[in-house]
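> Sequence plus the predicted model coming up.
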Amino acid sequence: MLSTDRKSRVYIETTVISYLAARLSRDATIASRQRLTQQFWYEHADRFELVISPTVISEVRRGNAEAVQRRLNLISDITRLPMSDAISNLTQNLLDTGAVPRSAETDATHIAIAAVHNVEYLATWNYKHITNVHKRQHIEQVCRDNDFRPPIICTPAQLIEVRL
């Protein structure tokens, strides 16, 4: 009998870390996302195996030194997935097919990392290029066309609802 003790993996995209580390916004939408991110992180994240990548680390290192340190502290114990040629190739295919615009190469890289490493979920607040309902089907098809299972792209709020 196979064991099912393994936790589902979640690739934590940079927007999640940014919302978690930032001071509470005065913008109601952003503040709501921040609270939901905190709820996921502090009450539900232990149900999953969280993973990040060098791309996330590079992005969290940008900006105000104090904010950078808060973000780095949050991710210090999270497993880092390595980069590979397969990730570069899938990133390029996501861009070449228009699944992700060329101006959003980093977003395509996040998707490729999760797909190549067979990560079940990609958590993000990036509605423009990653969790965009108009692009999702195209993104998933490009992953499949390249022999990778696409991650389930979702927000931290949606992960709270996942029943394992």
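Here it is on my side, so go on. Residues are numbered from 1 along each chain as shown.
> Break down this protein into its helices, ranges please.
Ranges of helices in the chain, per DSSP state H, are 14-21, 28-39, 54-60, 65-75, 85-96, 105-116, 136-145, 156-160.
> how about N146, what does it touch?
Residues near N146 by CB atoms under 8 Å, 6 or more residues apart in numbering: 89-90, 93, 115. In short, each C-beta sits where N, CA and C put it, glycine included.
> Please repeat the previous calculation with a cut-off of 10 Å.
86, 89-90, 93-94, 97, 112, 115-116 (CB atoms under 10 Å, 6 or more residues apart in numbering).
> how close does N73 sit to I113?
According to CB to CB, to the nearest Å, N73 stands 22 Å off from I113.
> between these two, who's got more neighbours?
Higher neighbour count among N73 and I113: I113, with 28 against 10, using other CB atoms under 10 Å.
> ok, that one - contacts?
11, 13, 51-56, 81-84, 86-87, 90-91, 119, 122, 151.
> now do E66
Contact analysis of E66 by CB under 10 Å, 6+ apart lists A21.
> Can we start the residue count at 877 from this point?
Taking 877 as the first residue, the last one we looked at is E942.
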